[in-house]
Structure formats: C-alpha cells, structure tokens
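Undergrad: 3D, please:
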Amino acid sequence: MSPDTDPGSPPPAPRHASPGPDPELDHLEDADALAGGAEPAGADEPEEADEPFIPLGSEELPEPPEPPAAEAPESFEAHQAHAAIARSLHPPPPPSPPVPPQLCAEADAYFTGAMHAYTEGDLPGARLSLLAVAAIGAPDSAPAAMVFLGVIAARHRDFPQAYLWFARAAAGPDVHWALVAVAELRRLG
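TA: Numbering: from 1, shown residues only. Next comes the predicted model:
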C-alpha cells in the first residue's frame, strides 16, 4: 500500500482502465448531439414492430389471425323452451273479424275514386279516399291503398309517413303488394 491512501478507502483504479459512466457527461453528450442535429445516444436502437416486415414482391404472406372461438349454439330443446315461455307471456293477437261485404264494396268504390284522383294529379283527394280504404281494412284493396299512401307521402317528401305506410303494406297478407312495398322501402333507403 502506498502511504497516500487511507486504510478505509477503496484502492485507486488502474491507469489503463477507463472511468465509469458519468451521468453528467452523458447528459452533456445528448445535448451536444441534439444541437448538432444528430440523434441522441440510444436512439439508433431499432424499435420492435407490431407487424412482421414483408418485402415487396414477396410471395410469403403472414398467417391471418385466428378468429375468436364461436359460442356454442343453444340446443334445440332450449330454443323450444324459450319459445314456449315467450308464447305463454305474449299470446298472439286474436284474428281480426272478417270485413262485411257491404264495407268491402264501399272500400272498392273509395279505391276506384282514389285511382281516378291520383291519375288526374289530385293527390290530396286521392289521399283522403285511400285513408278511408285503409281504415276499412278490406283485404282486397287495403294493401294497395297503403302502398299508394306511401307513394303520395314520398312525393310530398314526408319520408317518415312513407316509411310507415310501406312498412304496414309489407307486413300485410297480400304477397304482391308486400313485395311492392319492400321494393319501395329499399328505394327509400
């Protein structure tokens, strides 16, 4: 031991060894690098990419991710049980009574008048007659009346009203007018 050193102090580093990292100097080096336009120390480390790199023209495509596992479908018995509970809670509405023949004849007369008014361009008059036909509910003329009420509402740019009439006609029993109403609903968007 040399006479200059204290017995409790660590031995001096050998002259050929470099001094350890000095945080004060590292900070100064980063500041000098930024001022000179260079990247700070540690910035040249590559970041990990989320997706694999695929060079252009490569035939190898990454595997698509696995779709999430689908839930197991309910059994048929469970579905039947749910349907039975729903039927018991909400019974179907009773069938509507048949329209008397006199009212069917009146609805047909109103419908004929509405078609004459419609072809002559009297849309308000046609609308009133068609409302009467729809209110009577004759199975032969009410679905057509609902479709024409929807057409008149669409011409007046009353799209919610048009949607209402087309939806009622689409849910009706007459297949022809239901298809016409569905086509008009698609046209409305």
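Undergrad: can you show me the helices along this structure?
TA: Remark: helices assigned in the chain by DSSP state H are 23-35, 76-89, 101-120, 123-136, 142-155, 159-170, 175-188.
Undergrad: which of those helices is buried the deepest?
TA: For those, average neighbour numbers computed from mean count of other C-beta atoms under 10 Å are highest in helix 142-155, which has a mean of 23. The way it works is simple: take the backbone N, C-alpha and C, and place the C-beta from them, glycine included.
Undergrad: can you name the residues in contact with it?
TA: 107, 111, 114, 118, 123, 126-127, 130-131, 133-134, 136, 159, 161-166, 168-169, 172-174, 177-178, 180-181, 184, 188 (C-beta atoms under 8 Å, 6 or more residues apart in numbering).
Undergrad: low-confidence ranges in the protein?
TA: Confidence mapping of the chain against pLDDT under 70 gives the ranges 1-65, 67-75, 91-93.
Undergrad: let's see that with 80 instead.
TA: Scanning the chain for pLDDT under 80 picks out 1-88, 90-96.
Undergrad: that older thread, can you add distance to residue 66 and give the helices of the chain back as CSV?
TA: What follows is the helices of the chain, written out as CSV (distance: least, C-beta to C-beta, whole Å):
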stretch, distance to residue 66
helix 23-35, 44
helix 76-89, 28
helix 101-120, 59
helix 123-136, 54
helix 142-155, 47
helix 159-170, 41
helix 175-188, 37
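Undergrad: to residue 95, which of those lies closest?
TA: Closest to residue 95 of the helices of the chain is helix 142-155 (C-beta to C-beta; 15.3 Å).
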